[in-house]
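In: sequence unknown, structure follows:
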């Protein structure tokens, strides 16, 4: 009997909380914007709050890994509640585009603000912020002059000195997808095999763990995204005090990946979606990405305050068409598999 | 009550509901099976040529070592707690199951942070404690996180089964060890197997932990086929292979066990009398119970607390906490109904009922993200059917919402609900039903007055397991939750996947914290029930 009473209490609690929680249920007053996002950073929450404050619109979100988002959007079809789709990585933007999940958006404001290499030619998506894949090395064990570019990781002199995360990770896949475009399949394959032969240990952990492994002397150089290093520079200085970032600028430049935003094909509220995307490209929104997440804003003229990014300085980025990253993604994983890069 | 006796007059048992619910739970996996039949073989061919053999080998090595680890941690502690009295017993009773409340990938993050070069354990042990990583590291993390499955089910069995036989064996001169090995252990075997099945399925289906620790298992291959190759059909096909493998293993075990089923005659026994231990034995007992708690709970929690104190939190975890409590308790309630119904169906039904109940286990053996894919597909199918039948007035079913989420949880965790209920009902022999029925009790009153009290421990265990599973569930929660709905596991994952373990610490600690009152509640209810049982 006691269980029965408990059941009733819990059910009542549950149902009262579920009220108005069903997806697609409009809020009682005012407009609602539904964002499906595979980003879940403080900068994004700050952006939603700012948009709510400025417009009075109620922003509701679902955050999930990009591939699940794509499958749900596909399955929901015309019934989808999503207005705006935000996703990390050009490869996933490409896949969402292939599945026809975006509606084209034309906007003079956006075309002026976002450089052409950071947006889709037909306005299916616009870049929000970007991240660079860089080398981090121990200053006392590696001479900066000994590093040239991503090639350096494959150098026989680096045997047993390289730390990288596993090959299923999207950052590694996108980099190799870019290298396939840069060098062709054979050379890219050779590179992956040589790097795998240079591992100091089997890939494990995330990018931050690779940086910490260099700091602890387990390896001498690591391949990581710049913002993990920038975050440590700001929050955990001790770890990075003997480390430095090397920009692999060797022609055509540092591999950069992008997070993007677009209007959902079946957006219930496309006008509001456009307004949100334009808001996201405004100066005060864009600086959030640099200041809270240590990413580079897509709108390059934006001024921001971030001592770590300032210290890292400017770099030349690879102008590769982001479409290529998507197209070469599957091939990149295959090269990793053949190289025995776990 | 009026309602109940009404059903009693109609003479419909709970079995048909159980069968229907069990069948409903298999739908997402059926959808995956259909998906597996479509699509090309290009990516699979590549996998067969390159990594597939290694993925499979890693998975097999991992489950073998995890089974050994969980049995070593779970069975001695369960036996000691169930049948012995020693200092700290009541504390261990609550603490031993708690590691289950910590998502294993969080434990993996914490253990790696502790044992990597420069980490506190690494420094304190002068580098002697190896860095947790690779197959050995993954087996370690799964063992310390998942042994509670064995502990919970084995303890239940040790407490309820074979007291008389055990005492008879002791009177006949068998040593405690011999009586344990040849009487109690065989009697507890169905329960231990049910626990092992949960351990194996969860280990095989895990992605987050093995990916982080650098142990490319079969499930890593499945997720890569989907994520890197953009080929969900190939992922579905590989998931079906994994599922078939799991079913073969357990089917084989069941067949092998068939000839040796043991059951003690004579229904409800008195509650286990606990032996007081000698001083030396007490030290060993405390040691056997501390080691699992130390590795599974104290060490990772200590690491998380250190991290949480070291950082300011970004967002209040209150809403996530509330969300977790709601979905987990609703699911636990539903699961009890489902588990009992299904267990009855398996006990009293024909081959179809038995097969349906077995089939309902499958959701547990499929990697979470792939299972979520199956739920999405089924919901879309339902939506299309509804739209065809009713047109635009059809209610919105596709995608997310609380109903979709609750359905997804049952489909995925039915195994955790059915297993304990089934093993609880095996204690109740058909002759007891006949006795009660011949005394004029209706079918429902037999259930209420005979079965429910006797099976209470199993039912409570089922509710507890499902509560904890749902609390930790990630992929289905992320993609099917209502808008703006948050759970602790989702918050923890968001921070952890961004490599901010410090911010992930607070929601993770709350998960463990939430496990404590739930454990207390269940053990209080169980003690209460046992008292009522002896007095009545």
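Out: Okay, I see it. Not measured: the values here are computed from a predicted model. Numbering: from 1, shown residues only, chains lettered A, B, ... in the order given.
In: and stretch A:56-69 with chain B, contact?
Out: Yes - judged by Cβ under 8 Å from any Cβ of the partner chain, stretch A:56-69 comes into contact with chain B through A:60, A:61, A:62, A:63, A:64, A:65, A:67, A:68, A:69. Backbone N, C-alpha and C define where each C-beta goes, glycine included.
In: How about the residue nearest in space to the middle of chain A: what's its closest non-neighbour residue?
Out: Nearest to the mean C-alpha position of chain A, counting by Cα atoms, centre = their mean, stands residue A:88 at 3.7 Å. Nearest residue to residue A:88 in three dimensions, chain neighbours excluded: residue A:259, at 4.7 Å (Cβ to Cβ, 6 or more residues apart in numbering or on different chains).
In: what does residue B:139 give?
Out: residue B:65 (3.8 Å).
In: so which strand or helix has that neighbour?
Out: helix B:52-83 (DSSP states H and E).
In: which strands and helices sit next to the next helix or strand along the chain from that helix?
Out: Note on helix B:52-83: by DSSP H and E, the next helix or strand toward the C-terminus is strand B:84-85. If you count contacts as 3 or more Cβ pairs under 8 Å, 6 or more residues apart in numbering or on different chains; DSSP states H and E, strand B:84-85 packs onto strand B:275-276.
In: other SSEs contacting the strand it packs on?
Out: Against strand B:275-276 (3+ Cβ pairs under 8 Å, 6+ apart) you get strand B:84-85.
In: Return the list of strands paired to the strand it packs on, each annotated with direction.
Out: strand B:275-276 (parallel) (DSSP bridges).
In: State the next helix or strand along the chain beyond the partner strand.
Out: Taking DSSP H and E, what comes next after strand B:275-276 is helix B:279-293.
In: where does the stretch 101-250 of chain A come near chain B, residue by residue?
Out: A:166, A:168, A:170, A:173, A:201-209, A:212-213, A:215-218, A:228.
In: Narrow these to those in helices?
Out: A:170, A:173, A:207, A:208, A:209, A:212, A:213, A:215, A:228 (DSSP state H).
In: can the residues you listed go into CSV with extra columns for pLDDT?
Out: Compiled in CSV, those are given as follows (pLDDT from 0 to 100):
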residue, pLDDT
A:170, 91
A:173, 96
A:207, 96
A:208, 95
A:209, 94
A:212, 94
A:213, 94
A:215, 96
A:228, 97
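In: Please identify which pair of the residues you listed lies farthest apart.
Out: Maximum pairwise distance in these, criterion Cβ to Cβ, is 25.9 Å, between A:173 and A:215.
In: Pick out the residue closest to the middle of chain B.
Out: residue B:416 (4.6 Å).
In: and the nearest residue to it once chain neighbours are set aside, backbone torsions?
Out: Take residue B:416 and drop its neighbours on the chain: the residue closest to it by Cβ to Cβ, 6+ apart is residue B:465, 4.2 Å away. Dihedral angles of residue B:465 (phi, psi; degrees, to the nearest 10) stand at phi -60, psi -40.
In: residues touching residue B:465, list them.
Out: Residues near residue B:465 by Cβ atoms under 8 Å, 6 or more residues apart in numbering or on different chains: B:100, B:149, B:152, B:198, B:413, B:416, B:417, B:420.
In: Let me see the confidence value for it.
Out: At residue B:465, the pLDDT value in this model is 87.
In: neighbours around residue 161, how many?
Out: If you meant another chain, say so; for now it's chain A. 21 (other Cβ atoms under 10 Å in any protein chain shown).
In: I was after chain B.
Out: 27.
In: Could you do residue B:374 as well?
Out: There are 27 residues near residue B:374, going by other Cβ under 10 Å.
In: likewise residue A:34?
Out: Count around residue A:34 with other Cβ under 10 Å applied: 24.
In: With the one 4 residues further on instead?
Out: A count of neighbours around residue A:38, defined by other Cβ under 10 Å, yields 22.
In: Could you report the distance from it to chain B?
Out: Using Cβ to the nearest Cβ, to the nearest Å, we find residue A:38 at a distance of 10 Å from chain B.
In: quick one: contacts for the closest residue to that residue other than its chain neighbours?
Out: Counting by Cβ to Cβ, 6+ apart, the nearest residue to residue A:38 once its immediate chain neighbours are dropped is residue A:66, at 3.9 Å. Each residue near residue A:66 by Cβ under 8 Å, 6+ apart is listed here: A:38, A:87, A:88, A:89, A:92, A:96.
In: so can I have JSON lines of those showing secondary structure?
Out: Formatted as JSON lines, the contacts of residue A:66 follow (DSSP: H, G, I helix; E, B strand; the rest coil):
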{"residue": "A:38", "secondary structure": "coil"}
{"residue": "A:87", "secondary structure": "strand"}
{"residue": "A:88", "secondary structure": "strand"}
{"residue": "A:89", "secondary structure": "coil"}
{"residue": "A:92", "secondary structure": "helix"}
{"residue": "A:96", "secondary structure": "helix"}
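In: May I ask which two of these are separated the most?
Out: Of all pairs in these, the most separated under Cβ to Cβ is A:88 and A:96 at 11.5 Å.
In: Can you tell me which helices and strands the longest strand seen in chain A packs against?
Out: Ranked by number of residues, the top strand in chain A under DSSP state E is strand A:126-138. Strand A:126-138 sits against helix A:170-183, helix A:207-215, strand A:221-225, helix A:226-235, strand A:243-246, strand A:256-264, helix A:283-293, strand A:296-297, with contacts defined as 3+ Cβ pairs under 8 Å, 6+ apart.
In: Can you name every helix or strand that the third one contacts?
Out: Read that as strand A:221-225. strand A:126-138, strand A:162-163, helix A:170-183, helix A:207-215.
In: try 6 Å
Out: Here strand A:221-225 touches strand A:126-138, helix A:207-215, going by 3 or more Cβ pairs under 6 Å, 6 or more residues apart in numbering or on different chains; DSSP states H and E.
In: how many other residues sit next to the residue in the stretch 51-200 of chain B positioned nearest to chain A?
Out: Residue nearest to chain A within the stretch 51-200 of chain B (Cβ to the nearest Cβ): residue B:117, separated by 3.4 Å. Residue B:117: 15 surrounding residues under other Cβ under 10 Å.
In: cool, and residue B:175?
Out: Residue B:175 - counted by other Cβ under 10 Å - has 10 other residues nearby.
In: got it, and residue A:319?
Out: 12.
In: Excluding chain neighbours, what is closest to it?
Out: Per Cβ to Cβ, 6+ apart, closest to residue A:319 is residue A:117, 5.5 Å.
In: Could you give the secondary structure assignment for the one you found?
Out: helix.
In: Chain B versus that one, what's the distance?
Out: For residue A:117 relative to chain B (Cβ to the nearest Cβ), the value is 23 Å.
In: Please tell me how far residue B:401 sits from residue B:88.
Out: 46 Å (Cβ to Cβ, to the nearest Å).
In: ok, these two, which is more surrounded?
Out: residue B:401 (25 against 13).
In: contacting residues around residue 86?
Out: Because you didn't say which chain, this covers chain A. A:37, A:39, A:261 (Cβ atoms under 6 Å, 6 or more residues apart in numbering or on different chains).
In: could you do chain B instead?
Out: B:277, B:282, B:285.
In: any idea how far it is from residue B:38?
Out: If you go by Cβ to Cβ, the gap between residue B:86 and residue B:38 works out to 59 Å.
In: same thing with residue A:191?
Out: Counting by Cβ to Cβ - residue A:191 and residue B:38 are separated by 35 Å.
In: neighbour count winner among these two?
Out: residue A:191 (21 against 10).
In: Next, the buried residues of the strand or helix carrying that one.
Out: Using DSSP H and E, residue A:191 falls within helix A:185-197. Neighbour-count burial for helix A:185-197, counted by 16 or more other Cβ atoms under 10 Å in any protein chain shown, picks out A:188, A:189, A:191, A:192, A:193, A:194, A:195, A:196, A:197.
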